[in-house]
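**Student:** Provided below are the primary sequence and the corresponding predicted coordinates.
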4 protein chains.
Amino acid sequence: MNTFGTLFRITTWGESHGKAIGVVVDGCPAGLEIDEKDIQKELDKRAPGQSEVMSPRKETDRVEILSGIFEGMTTGTPISMIIYNKDADSSKYEKIRYLLRPGHADFSYQAKYGHRDYRGGGRSSARETAARVAAGAIAKKLLEFHEIKIIAYVKELAGIKSSRMDYSQIYGNNVRCPDKNAAKKMEKAILKAKNEGDSVGGICEIIAMNVPAGLGKPIYSKLESDLGSAILGINAVKGIEFGMGFELARMRGSQSNDEFIVKNNKIATKTNHHGGILGGISTGMPIIMRAVVKPASSILKKQKTVNYKTMKREIISVEGRHDPATIVRFPPIAEAMVAIVLADHMLMAGRINPDKMG
Amino acid sequence: MNTFGTLFRITTWGESHGKAIGVVVDGCPAGLEIDEKDIQKELDKRAPGQSEVMSPRKETDRVEILSGIFEGMTTGTPISMIIYNKDADSSKYEKIRYLLRPGHADFSYQAKYGHRDYRGGGRSSARETAARVAAGAIAKKLLEFHEIKIIAYVKELAGIKSSRMDYSQIYGNNVRCPDKNAAKKMEKAILKAKNEGDSVGGICEIIAMNVPAGLGKPIYSKLESDLGSAILGINAVKGIEFGMGFELARMRGSQSNDEFIVKNNKIATKTNHHGGILGGISTGMPIIMRAVVKPASSILKKQKTVNYKTMKREIISVEGRHDPATIVRFPPIAEAMVAIVLADHMLMAGRINPDKMG
Amino acid sequence: MNTFGTLFRITTWGESHGKAIGVVVDGCPAGLEIDEKDIQKELDKRAPGQSEVMSPRKETDRVEILSGIFEGMTTGTPISMIIYNKDADSSKYEKIRYLLRPGHADFSYQAKYGHRDYRGGGRSSARETAARVAAGAIAKKLLEFHEIKIIAYVKELAGIKSSRMDYSQIYGNNVRCPDKNAAKKMEKAILKAKNEGDSVGGICEIIAMNVPAGLGKPIYSKLESDLGSAILGINAVKGIEFGMGFELARMRGSQSNDEFIVKNNKIATKTNHHGGILGGISTGMPIIMRAVVKPASSILKKQKTVNYKTMKREIISVEGRHDPATIVRFPPIAEAMVAIVLADHMLMAGRINPDKMG
Amino acid sequence: MNTFGTLFRITTWGESHGKAIGVVVDGCPAGLEIDEKDIQKELDKRAPGQSEVMSPRKETDRVEILSGIFEGMTTGTPISMIIYNKDADSSKYEKIRYLLRPGHADFSYQAKYGHRDYRGGGRSSARETAARVAAGAIAKKLLEFHEIKIIAYVKELAGIKSSRMDYSQIYGNNVRCPDKNAAKKMEKAILKAKNEGDSVGGICEIIAMNVPAGLGKPIYSKLESDLGSAILGINAVKGIEFGMGFELARMRGSQSNDEFIVKNNKIATKTNHHGGILGGISTGMPIIMRAVVKPASSILKKQKTVNYKTMKREIISVEGRHDPATIVRFPPIAEAMVAIVLADHMLMAGRINPDKMG
């Protein structure tokens, strides 16, 4: 399934070395002002080639809107967006065509489909996430009307933790970290790994602010389920936690329970261990989640593997212009997916009119 | 949405203090032998009142099959199962009707629906999970034909870690732990918390063995997404991780990548840091995941809260026969949800005939 | 799939000769006043045994609500309803166990599932529609708030056409016909066929009034698609048409186009050839559709058929207490399905708050 | 919702006067040989400008495949196809911008969305169906492996009935009719209406051959429901019937029931009044359905209408290069939608492997 969402739905398509990638956004109400610049701005945040810590690929990632917008406004019909692939160099993949790259989807795709586009990651490439970012830009615009804001940043990288939370810093450094000092150390750690032909992992924290109380569905569309599904659907993510997350395993109920209080005549909680969600439904407190992003699988360092045609063991060194720290490009993708889920839930809870902007 | 799954679908219903709870299982092929005993066996694993570390409630949880089975075999039509509520004591809830229990869904349900069944947890009660376990029993039966086996156990509780992995022990102790010695310590920790009117949290590990390579859909129905959504949809779960999970944040690519090898003429990996899933698709290695279960919110200990009718602050002490360690009853629920997801993906991948048993 | 709908969803289960049948209604907002009498009233309209023109079976069809209602109001959680099977006589089916009843689903179910409940129609029995009527009763209640009213009646039976449209007559005769005189003739025709061991077919017209303009989704959830799917999903229906329907094949555009006019300061059309739907979206004019219901397949008259076990030809005479004119019991089922579709579209168009009643 | 299907899913997008239209096909197994010529061939069948009885628009309708095909074969990933709009002349729509074209979706779209692309039909234009035909071409290829063949033709036009069934004639005349003589009369009737600034309607019959017994799901995904929903989702369709259809209203059960027989050691029926579907499930007999297509709404003839801005009455004459008989271009669209539904049901019934071609 390449479609995600219930009322706000996205359908993505495209391979890293094919002609183009794209997305169809369905369920955006009519009357939302949007143009290509709104989309491009988000895409630029995830584009490679911005610094030494990223892949030097020059993907211009120029988005084009093909439908659904008329006279600067959405019409309620599907919004189709396309990004042509330009800087795709497939030659390097020819020689490792039958070698299973460790940590990659090569083997599982082969087992499933028998036939695959072996150039780059094909459909499993991180490039596909550009389409999600484009869709997320529309979801963000929609949420802005309700002052819902989503921020994602690198919380930890190669064991280095961010301790200050200065959001204004996030796009002021090369590693999307809200802590200037930690950012410098992270950058060094990435370059060190890169020089050794290796890669590093990290943790991204995502916060959604001003989400009204009452979003989410009990049981199977709990906010944790839907946000979890969205984030775990991004390449390289191997875990997600909400609020205090795994720390809760070592807490007592009397510690983890958040005391209810009255603040500005509204019910709130004193602490936010629950991360803004109780019983699967938002409480009005900030929604907080963290995702772990594994180190990039594509590394120059030599690794042992198997040639699935000969079934013989071989040595592989994955050449190409890879990211030594994919986590650095992760925040805008996470923001996009969270925006899509929240836009969907705002629609499902009747907080946004599904047909036309209020 | 109270329906979960694509081809193998479950729809649950019922409140903790209503007449009954139940589930409709849709999409099970015809010709599967099943009777109430198969279901009851799984339900008994999650029943309360089995030891001092559990709630003393006596829920007999007697399941009755109402449709979809004829002459001992499924017919391909929906299987409806019902469990009547017997031992429901609502009196204790009357006096805390307007008090928001910290850590509970009271406030978020009230914000969403305006009107709710305040007795017990109503729909948000853990009791609802009995219906999932009943559905999971059918999924398990279906998976058995393909020798897929799912095991869940308590990996960590109140900071105490299980270090031995003797699966035969799991149901030999009161805390569902595969490590006899750790189990004793865990039991003590629970009783200590209980005596102090408090509760503890923990981590449950779930392993699915013999899952064939090739299950899962790239992009939005990655196995991690669907398993994650299923597990995060269980009460009290606040995080999930696959394979090495959050540890990956501190690893290098050269460490985390699993080397491909040939074993018994089949491609496998030497290590299993990826937890049996690459690119969202199963690799044939065991699928490994861990979920964090927060300490039970219902505690006898006094907590400050708000009366949402008067908007005044009050003190609450949640009386009733609560579980001091809900994690102890979690493993069969986790097994059920994982079985449901895998049965669904076996059907979606054409590995199980959707109409009739092979 | 035994689930129908997007936001307002019903899941039905049960066989004609099993323990019970039932339905789970998901997506009804909280705060709707409803009790078993509201449901029973609708069920009574489709119950057999009301006159000589119906099956003499005594299905009391007593509905019981098991969940989702608290203190007389919906809570937003799934509403489970059950109807126990009482008057099921399976003995007559034993001797025709392997004979394929002409016009029945015996062969196609056997081809699909290999294994089936051969007693009565099993899952394919018209009895299953009682569950839909129960669900429809809730949808109707929901629509009443918006003054949307649905009326279904027998328009034609055994070639006899209803020419007067006196809605007050519909439940004043045994054949659910708004034309008193036609009703008498229809009744005679049924009894004649019955005496000859035969059955008759007919056409049911359904009208939905006060549906606001703007419901429906262009392209694949056009109102015609969704209403068509719902009505064609009822047993014995073999065709549906909207507005002028098949007559349009012989009309010119200048005749079929409905002139737009202004009426009470609102835009309307002078005629209603389009049946209240243009471009798949409601126009505010009454929605009009007609369904053809084939003559009941179960007839006493001898028919040639095949024994699928011996593959030999045999003669069958389908004994039992069958309806000679199933169309007579069709209107309340059609009303229910139309109500369910419209409630779903009211929710999808944001005209009904999905969480709580206004 | 602009997505249709469960396992074989299509998502279409685009407006008649926008940059392009397109479709994403999801769920096609890997390993199916396909190229642009296979798609183009189907598109050419519905292209306008082929004769005097069609719109003289010159839509070259050149399809381009953007993803999902590698080395001539599908990869199991989504297939994105695009058709650029070339010959779009919007000038004529400027002057009727606020006039509601009778029979068109102008008013209902305006009521729903408030904002719309008024040029041509925008999203409600028949042009959108080109995207469905492209998707249908892939479904057809998939069905060919199982020798399932779908044929659609004009059965009736302007009251003239086709009486011979010579399938080889269908694309040998301008009106897609299997009866050469009737075709000539139909052509004359169209030209007469065209000269009078008017349009005509008709009936299209669609037959699916070699569909195996056992497709379809009882209750809500009956083949009639899903085929009905698909066909009723095509512009201008106002009714559908299966087998004997509306004629069944005047038949007795003893006449309409099809006698079961044994033919070539397989169970079949002697007649096919049921149109290949019993209990919602295919019987192995040809599936037969008929759809009524209303006369085109766009006519040159003067009609009275309303200007929705001034709310004043005005006279409209819809200029432009319109089809006087849209039914003539309908058969390939109907074939496409039926192919999509059957491919979906073949997958759902496990008759086609969802991951890779056998």
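**Tutor:** Sure thing, it's come through. Residues are numbered from 1 along each chain as shown, chains lettered A, B, ... in the order given.

**Student:** which residues belonging to the helix or strand bottoming out on mean pLDDT in chain A are considered buried?
**Tutor:** The weakest-scoring helix or strand in chain A, judged by mean pLDDT, DSSP states H and E, is helix A:91-94 (a mean of 80). Neighbour counts over helix A:91-94 (16 or more other CB atoms under 10 Å in any protein chain shown) mark A:Tyr93 as buried. C-betas here are computed from N, CA, C, even on glycine.

**Student:** now stretch A:209-226
**Tutor:** Buried, per 16+ other CB under 10 Å, within stretch A:209-226: A:211-226.

**Student:** among the residues you listed, which two are most distant?
**Tutor:** A:Pro212 and A:Tyr220 (21.3 Å; CB to CB).

**Student:** so for A:Gly49, what's the pLDDT?
**Tutor:** With respect to pLDDT, A:Gly49 has a value of 69.

**Student:** chain C contacts on the stretch 101-250 of chain A?
**Tutor:** By the rule CB under 8 Å from any CB of the partner chain, the part of the stretch 101-250 of chain A lying against chain C is A:214, A:218.

**Student:** how about the strands in the stretch 101-250 of chain A?
**Tutor:** Applying DSSP state E, counting those that start in this stretch to the stretch 101-250 of chain A gives strands spanning A:149-157, A:160-161, A:202-209, A:237-242.

**Student:** and the contacts of the second one?
**Tutor:** Residues from elsewhere that reach strand A:160-161 (CB atoms under 8 Å, 6 or more residues apart in numbering or on different chains): A:155, A:182, A:185-186, A:189.

**Student:** out of these, which end up buried?
**Tutor:** Taking 16+ other CB under 10 Å as the criterion, what is buried in those is A:155, A:182, A:185-186, A:189.

**Student:** circling back: any residues touching the least confident helix or strand of chain A, and which ones?
**Tutor:** With contacts defined as CB under 8 Å, 6+ apart, helix A:91-94 is touched by A:17, A:118-120, A:319-320.

**Student:** which residues pair with A:Ile281 across the strands?
**Tutor:** Beta bridges link A:Ile281 to A:Leu278, judged by DSSP bridges.

**Student:** so A:Asp179 sits against A:Ser163, correct?
**Tutor:** Yes - A:Asp179 is in contact with A:Ser163 according to CB atoms under 8 Å; the separation is 5.7 Å.

**Student:** let me have the strands of the stretch 101-250 of chain A in CSV, adding distance to C:His274 and mean pLDDT as columns.
**Tutor:** Output for those, formatted as CSV (distance: least, CB to CB, whole Å; pLDDT from 0 to 100):
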stretch, distance to C:His274, mean pLDDT
strand A:149-157, 44, 98
strand A:160-161, 65, 98
strand A:202-209, 44, 98
strand A:237-242, 50, 98
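
**Student:** pick the most deeply packed of these.
**Tutor:** Of all the strands of the stretch 101-250 of chain A, strand A:237-242 carries the top mean neighbour count, a mean of 29, counting by mean count of other CB atoms under 10 Å in any protein chain shown.

**Student:** from the middle of its chain, how far away would that one be?
**Tutor:** The chain centroid and the centroid of strand A:237-242 are separated by 12 Å under CA atoms, centre = their mean, to the nearest Å.

**Student:** and stretch A:130-149, by the same measure?
**Tutor:** With CA atoms, centre = their mean, you get 13 Å for stretch A:130-149.

**Student:** shaky segments in the stretch 1-150 of chain A?
**Tutor:** A:49, A:57-59, A:87-89 (pLDDT under 70).

**Student:** if you drop the residues flanking it in sequence, what lies closest to A:Lys309?
**Tutor:** Leaving aside its chain neighbours, A:Lys309 sits nearest to A:Tyr98 (4.2 Å; criterion: CB to CB, 6 or more residues apart in numbering or on different chains).

**Student:** quick one, what contacts the one you found?
**Tutor:** Contact analysis of A:Tyr98 by CB under 8 Å, 6+ apart lists A:307-310.

**Student:** now it: phi and psi?
**Tutor:** Recorded main-chain torsions at A:Tyr98 are phi -100, psi 0, according to degrees, to the nearest 10.

**Student:** ditto for A:Met165
**Tutor:** Dihedral pair for A:Met165: phi -120, psi 60, per degrees, to the nearest 10.

**Student:** SS state for the residue in the stretch 51-200 of chain A that chain C sits nearest to?
**Tutor:** Shortest the stretch 51-200 of chain A-to-chain C distance, computed as CB to the nearest CB: residue-wise this is A:Thr77, at 6.9 Å. Recorded secondary structure, A:Thr77: coil (DSSP: H, G, I helix; E, B strand; the rest coil).
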